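Colleague: From the sequence below, what's the structure:
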Amino acid sequence: MTSGVFSMNHLKEVEENYLVHAIKALGFCVRLLWLSIAAFIHAVFPNIMVTAVSNGVEKLDEELSARQIIKPGLTD
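Modeller: Numbering: from 1, shown residues only. Okay, here's the model as predicted:
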């Protein structure tokens, strides 16, 4: 099997095809971008978005924890 950037091992581990994985990864990207903007706004205005970032991070953690890799212990 190919190793490196073009390896498809990760897609097999998460049991997703390229398109499904790309859509999910981009979804996480957009949500993380939103959370970083919310954190910036909260840093400037502490009374705004008081729990938005922590709640968002908890939700992301729950979703990522539910997406277990087939072979535990594999890391990038």
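Colleague: Show me where this protein has its strands.
Modeller: With DSSP state E as the definition, the chain shows no strands.
Colleague: for it, which spans come out with low pLDDT?
Modeller: Residue ranges of the chain with pLDDT under 70: 1-3, 68-76.
Colleague: which residue of it sits farthest from its center?
Modeller: Centroid-distance maximum for the chain: residue 47 at 26.8 Å, with C-alpha atoms, centre = their mean.
Colleague: List the residues that contact that residue.
Modeller: Listed by C-beta atoms under 8 Å, 6 or more residues apart in numbering, residue 47 has no contact partners. Glycine gets a C-beta too; all of them are placed from N, C-alpha and C.
Colleague: Report the separation between it and residue 10.
Modeller: Distance of residue 47 to residue 10, given as C-beta to C-beta, to the nearest Å: 42 Å.
Colleague: One more: residue 65?
Modeller: Using C-beta to C-beta, residue 65 is found at 17 Å from residue 10.
Colleague: neighbour-wise, which of the two wins?
Modeller: The neighbour comparison of residue 65 against residue 10 (other C-beta atoms under 10 Å) goes to residue 10, with 12 against 8.
Colleague: So what does the residue farthest from the centre of the chain look like in phi/psi?
Modeller: With angles defined as degrees, to the nearest 10, residue 47 sits at phi -90, psi 0.
Colleague: Numbering from 11 from now on, please.
Modeller: Right, with 11 as the first residue, what we last looked at is residue 57.
Colleague: Neighbours of residue 77, how many?
Modeller: Neighbour count for residue 77, taken as other C-beta under 10 Å: 10.
Colleague: Skip the chain neighbours and tell me the closest residue to the most centrally placed residue in the chain.
Modeller: With distances taken as C-alpha atoms, centre = their mean, the chain has residue 38 as the residue nearest its mean C-alpha position (4.2 Å). Using C-beta to C-beta, 6 or more residues apart in numbering and skipping the chain neighbours, the partner closest in space to residue 38 is residue 70 (6.9 Å).
Colleague: Residue 24 versus residue 18, what's the distance?
Modeller: In this view, residue 18 and residue 24 are 11 Å apart by C-beta to C-beta.
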